[in-house]
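Visitor: Here is my input, please return the structure:
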Amino acid sequence: MRWVVEPVPSSERIPRLPRPTRLHLSVLLPSRVVMFTGNGEGLCANAVSFTFRGRSVYRLRNELASRLGIPGNVSNNLVMYVRAGRYGHNTPLVVNLSRSRETLVITASPANGGLRYPDFDAE
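Guide: Prediction:
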């Protein structure tokens, strides 16, 4: 199999998260610890840590918004980021989670933060 690297144009619009399935099989999936660090610079006063079951990034965003007290209509504009390692760059979390049981460290910000996102629908 050969890999092909193609440029992906950028967009100011955040990609839509994959919708969760109707089946609620998350109780059968292994759990992982999710640690929200607030500003991405390590634990801060509004750090939240919780156990999450499943792989749906959509459900993860709703769970995080609920734990942070963010209303449902505002949580749709919440962008989550995952960081690879201690010094890794924040990468928008727009795909479902892997089956890994490792602790997931995430940060978040409003979608209107002036960032650019990959435009997966471009041709």
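Visitor: Burial check on the spatially closest residue to residue 75 that is not a sequence neighbour, number of neighbours?
Guide: If the residues on either side of it in the chain are set aside, residue 75 comes closest to residue 65, at 3.4 Å by C-beta to C-beta, 6 or more residues apart in numbering. Yep, even glycine has a C-beta here, placed from its N, CA and C like the rest. For residue 65, the neighbour count with other C-beta atoms under 10 Å is 18.
Visitor: residue contacts, residue 65?
Guide: With contact set as C-beta atoms under 8 Å, 6 or more residues apart in numbering, residue 65 has these partners: 71-72, 74-75, 78.
Visitor: Out of those residues, which end up buried?
Guide: 75, 78 (16 or more other C-beta atoms under 10 Å).
Visitor: Closest one to residue 104 out of the contacts of residue 65, please.
Guide: Comparing the contacts of residue 65 against residue 104 with C-beta to C-beta places residue 78 closest, at 15.7 Å.
Visitor: pLDDT wise, what is that closest one at?
Guide: pLDDT recorded at residue 78 is 81.
Visitor: quick one: contacts for it?
Guide: If you count contacts by C-beta under 8 Å, 6+ apart, residue 78 has them with 61, 64-65, 70, 108-111.
Visitor: Quick check: bridge partners of residue 105?
Guide: When bridges are called by DSSP bridges, residue 105 pairs up with residue 35.
Visitor: Could you measure from residue 101 over to residue 61?
Guide: With distances taken as C-beta to C-beta, to the nearest Å, residue 101 is found 20 Å from residue 61.
Visitor: Please identify which of these two sits among more neighbours.
Guide: residue 61 (20 against 11).
Visitor: Spell out, range by range, the helices that occur in this structure.
Guide: Assigned by DSSP state H, the chain shows helices spanning 57-68, 72-75.
Visitor: what mean pLDDT would you report for the shortest one?
Guide: Okay, so that is helix 72-75. Across helix 72-75, pLDDT averages out at 72.
Visitor: if we can go back for a sec, report the buried members of the contacts of residue 78.
Guide: Among those, those that count as buried by neighbour count (16+ other C-beta under 10 Å) are 61, 64-65, 70, 108-109.
Visitor: And those residues, which is the shakiest by pLDDT?
Guide: The weakest per-residue confidence within the buried ones among the contacts of residue 78 falls on residue 109 (76).
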